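[1] One predicted model, sequence on top.
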Amino acid sequence: MRLEPINNPSFGRKLVPSALALSATIVIASLLAMIAGANPFSVLGLIIKGAFGSKFALLETLNRATPLIFTGLAVAVAFRAKFWNIGAEAQLYAGALITVLLGTGALAWPSGLILPVIALIAVFAGANLLLVPALLKTRFGVDEVVTTLLFNFIFLLFISMLLEGPLKDPMGMGWPKSARLIPEARLPRIVEGLRLHWGFALAIISALCVWVIQTRSTLGYEMRAVGLNKQAAGFAGIPVNLVLVKTALLSGGLAALGGFSEVAGLKGSLTLDLSPGFGYTGIIVAMLALLNPLGVVIAALFVAGIFVGADSMSRAAGVPTYLADIMLAVALLLMVFAIMLTRFRVVRD
Amino acid sequence: MDTVVVEALNLDAITKRFGTLTANDAVSLSLSEGEVVALLGENGAGKTTLMNILFGQYTADSGTVRVFGKTLPPGNSRAALDAGVGMVHQHFTLADNLTVLENITLGVGSLLSTSSGRSATRDRIKALSQKYHLSVSPNARVGALTVGERQRVEILKALYRDVRILILDEPTAVLTPQETDDLFATLRLAIADGLSVIFISHKLHEVMAISDRVVVLRHGKITGGVRTADTDKHALATLMMGTEATPPKVPQSTPGPALLKLDRVATPDVGNAPGLKSVSLSLHAGQIIGLAGVSGNGQAAIADVVGGLVKPAEGRIEIGGSGIDRWTPREAVKSGIARIPEDRHKTGTIADFDLTENAILERYRSAGFSKAGWLNWRSSRAFAEAIINKYDVRCPGPDTPIRLLSGGNMQKLILGRVLEAAPRVILANQPVRGLDIGAVNYVHGQLLEARARGAAILLISEDLDEVMAMSDVIHVIADGQLSPGFGRGSMTPTELGLWMAGQGFKNENAHAS
């Protein structure tokens, strides 16, 4: 068997493999549900119902999708320029850290002023966290996969140290948890009475902005050129290293905005379990979205839906929530394979 | 005594389609033992596809391959090798970090060999290299060898494996005329011993010199098969092109003021590639200076310096009378240098970008195409459309990914991109490499028109014929040094060949045209 490249894939050729990947994911999940002793149809039904079946479920899914949109965008932006940022987790915590540092009383301004200021500084912090790996890459050729990945562990331990020490809430009964944000530093709900905060709107706006930047701006053009062919980009006069640094700043800033949104919109304080791996799941989201910023929104809703739905399904059917992790892993692997099938055709000898 | 003609290879009615394109249309070709058949054809005529089918890289839609009477199973590379078919590719397939001996035995010997086994191997390689005049030391590391030596290793590798049919794909593209003569001498020895050769080339005089028979492929079909003795270059060109190709006439020019001046420019060596050693050059308006030389003798360095990619370690460069102090490609483009890069696929274009995006690649920041960081797609697209119309770029439209275009059309887009900026200096690095004759004539015609408009052109080429036909003044570059310049027609290819091999001229710093 061999692969032959397809020059102009038809619309069906682009769509069918993805649909097959999704179907195969469902089949595999059903098999696992059967092994766990449940009826696969009811398990799948429960997942969908638990994710989108009621107003409460839907809002929960949207809330869960919010940080994934931010980290998904962060990864999509970076990967588009072939800058492999695996450190969205740390950058998200950097944004969260700034939010509690400034939002727990350090600044006592009205909401309209304090929220934009905190958001901006959070973006700045996340961007700068990625500046070090970016400069190490452009100056010394250090592999950013290694540096950004390892930075996650360093930064999480740093947060842990702060939460056990200077940032520990004196009223927290000894839990490693920061003080709560002042009310002015909380993101309000979009509609009063519905449990959905402005962070979600911010995520959608960010996705639109990234899309416009990528398709209309010279920076987006430069980022795509560098990602597709560094040598040709450099020959044409695109400052490759500068573009990589700018990409890193944008990527880090987006992830940090996710941290700001989680703390100011949902949690109200910083704990070590703020993110159950949003930074890493962002990679799955970005890959499922084929690095398209608008696709990131859809992929984040899909991934969040599986997580939220699996939680609720687990309570009802007694199948472990790990099914969600397996479904995502299978979906990602099959999607990668499906993407290959849109560009190559398998030829049997 | 009767001579029995043994049929070494028989390709019977090979057809291969890629989508709507028929790369090979019922191509039949036979080769006798000890015969040299030249396979002639433009780029895209289907030569490479045919060889890939013979080697089992592709499976033919129909047709069979027989080697010494035995049919090869389709799509099996191993079978072709085992049947005694060997190939020397245009781009060598050697491991730089291994020795000659290791490269030759790679894949045939066992991984663990005894020292006596190795010395036997070494003796055999030495015997082969003496017999066929392929002088190369078995213990040398391939990375340290010259291009000509590497080719000898490739041929040794084939002979070591007792290849009975040898396919040579454009073997002379990287050689000096002398090295080409040596290669032909070696081939004649091997042919006398019964080796059969398929010689792929588009250099007509070489085809005439080495082959017994010429087979011409055009648009995937065989359009002619003639005995070499019964034909001549013009007839072959006509067979290859359909109509007789007429290269553009090169009129006399009257050089104007100096537009590009290099004054004792030096750059450091990069790996095996020599840097420039005190190179001085003065290029005038309405003049083409040709830079001849064997690949890897400093051409890349001079292109990088003039193109704004590398800042010279020493020396000074002037464009239009003013010195350059900032070395970036953007500055080079701004100061009026048009750059046609050596590798249009890797450096000239971005394969997955469409024609519009590729057209603005060098100037997307300029006023016409963007404003305050936002691109103007409408004017960019109009620019791409203008190039497509004016330079006859054959494509479905400006939104087509450029990777779908043929090499010639890709080069036309690059030409349009740089010429539309009304450049003062044109740096043309291998502008027609790999193009078919029609596209070659088009590119040369455009360069001559630019010259007539008063542009100064630096033509870097490894194709001696091209340099000699196009240039008003020719310099030879060897080991990073520039020869004195001389006018068109005042030197023979043989004399040039000696200079290209690094003999016959001394580097005289002040001595430039």
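    Alright, I've got the coordinates. Predicted, not measured: the structure shown is a model, and the values here were computed from it. Numbering: from 1, shown residues only, chains lettered A, B, ... in the order given.

[2] gap between B:Asn139 and B:Ser116?
    17 Å (Cβ to Cβ, to the nearest Å). For the C-beta atoms, the positions are set from N, CA and C on the backbone; glycine is no exception.

[3] actually A:Ala74, sorry about that
    In this structure, A:Ala74 and B:Ser116 are 61 Å apart, going by Cβ to Cβ.

[4] Over to A:Ser314?
    Distance, A:Ser314 to B:Ser116, using Cβ to Cβ: 69 Å.

[5] quick one, which of these two is more surrounded?
    A:Ser314 (19 against 8; other Cβ atoms under 10 Å in any protein chain shown).

[6] how about the nearest residue to that one, chain neighbours excluded?
    Spatially, and ignoring its direct neighbours in sequence, A:Ser314 is nearest to A:Thr321 (4.5 Å; Cβ to Cβ, 6 or more residues apart in numbering or on different chains).

[7] Point out the residues in the stretch 51-200 of chain B that sit beside chain A.
    Residues of the stretch 51-200 of chain B lying near chain A by Cβ under 8 Å from any Cβ of the partner chain: B:59, B:74-76.

[8] Whichever of the residues you listed end up buried, select them in PyMOL.
    To isolate the buried ones among those in PyMOL, judged by 16 or more other Cβ atoms under 10 Å in any protein chain shown, type:
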select buried, chain B and resi 59+74+75
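
[9] Identify the bridge partners of B:Trp374.
    B:Trp374 has these beta-bridge partners by DSSP bridges: A:Ser217, B:Lys371.

[10] Likewise for B:Thr99?
    Under the criterion used here (DSSP bridges), B:Thr99 is bridged to B:Arg141.

[11] Next secondary structure element downstream of whatever helix or strand B:Gly445 lives in?
    Using DSSP states H and E, B:Gly445 falls within helix B:437-452. Using DSSP H and E, the helix or strand that directly follows helix B:437-452 along the chain is strand B:456-461.

[12] okay, that next one in PDB with CA atoms only?
    Written as PDB, here are the backbone C-alpha positions of strand B:456-461 (Å, rounded to 0.1, in the frame of the first residue of the first chain):
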ATOM      1  CA  ALA B 456      21.700  45.400 -15.400                       C
ATOM      2  CA  ILE B 457      21.600  41.600 -15.200                       C
ATOM      3  CA  LEU B 458      23.800  39.300 -13.200                       C
ATOM      4  CA  LEU B 459      23.100  35.800 -14.700                       C
ATOM      5  CA  ILE B 460      24.400  32.900 -12.500                       C
ATOM      6  CA  SER B 461      24.200  29.600 -14.300                       C
END
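
[13] Now do that strand against helix B:437-452: the angle between them, please.
    Counting by axes from the mean of the first three to the mean of the last three Cα atoms, to 10 degrees, strand B:456-461 lies at 150 degrees to helix B:437-452.

[14] Show me which positions of the next helix or strand after strand B:456-461 end up buried.
    Later in the chain than strand B:456-461, the nearest helix or strand by DSSP H and E is helix B:464-470. Within helix B:464-470, the residues scored as buried using 16+ other Cβ under 10 Å are B:464, B:466-468, B:470.

[15] quick one: average pLDDT of the following helix or strand past helix B:464-470?
    Note on helix B:464-470: by DSSP H and E, the next helix or strand toward the C-terminus is strand B:473-478. For strand B:473-478, the mean per-residue pLDDT is 91.

[16] How about residues contacting the lowest-mean-pLDDT helix or strand in chain B?
    Across the helices and strands of chain B, mean confidence by mean pLDDT, DSSP states H and E is lowest for helix B:233-241: a mean of 74. If you take Cβ atoms under 8 Å, 6 or more residues apart in numbering or on different chains as the criterion, helix B:233-241 is touched by B:40-42, B:45, B:202, B:204-205, B:207-208, B:214, B:216, B:218, B:223-224, B:226, B:244-245, B:437-438.

[17] Over to stretch B:173-183?
    With Cβ under 8 Å, 6+ apart as the criterion, stretch B:173-183 contacts B:90, B:133, B:147-148, B:151, B:155, B:171-172, B:206, B:294-295, B:462, B:464, B:493-494, B:496-498, B:500-501.

[18] Buried among the residues you listed? Need that as a selection in PyMOL.
    Selecting only the buried entries of those in PyMOL, with 16+ other Cβ under 10 Å as the criterion:
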select buried, chain B and resi 148+151+155+171+172+206+294+462+464+496+497+498+500+501
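
[19] and the gap between the most centrally placed residue in chain B and chain A?
    Against the mean C-alpha coordinate of chain B, by Cα atoms, centre = their mean, the closest residue is B:Arg433 at 4.9 Å. Per Cβ to the nearest Cβ, to the nearest Å, B:Arg433 is found 16 Å from chain A.

[20] go on, B:Arg488?
    In terms of Cβ to the nearest Cβ, B:Arg488 sits 31 Å off from chain A.

[21] ok, that residue touching B:Ser471?
    Yes - with contact defined as Cβ atoms under 8 Å, B:Arg488 and B:Ser471 form a contacting pair (6.1 Å).
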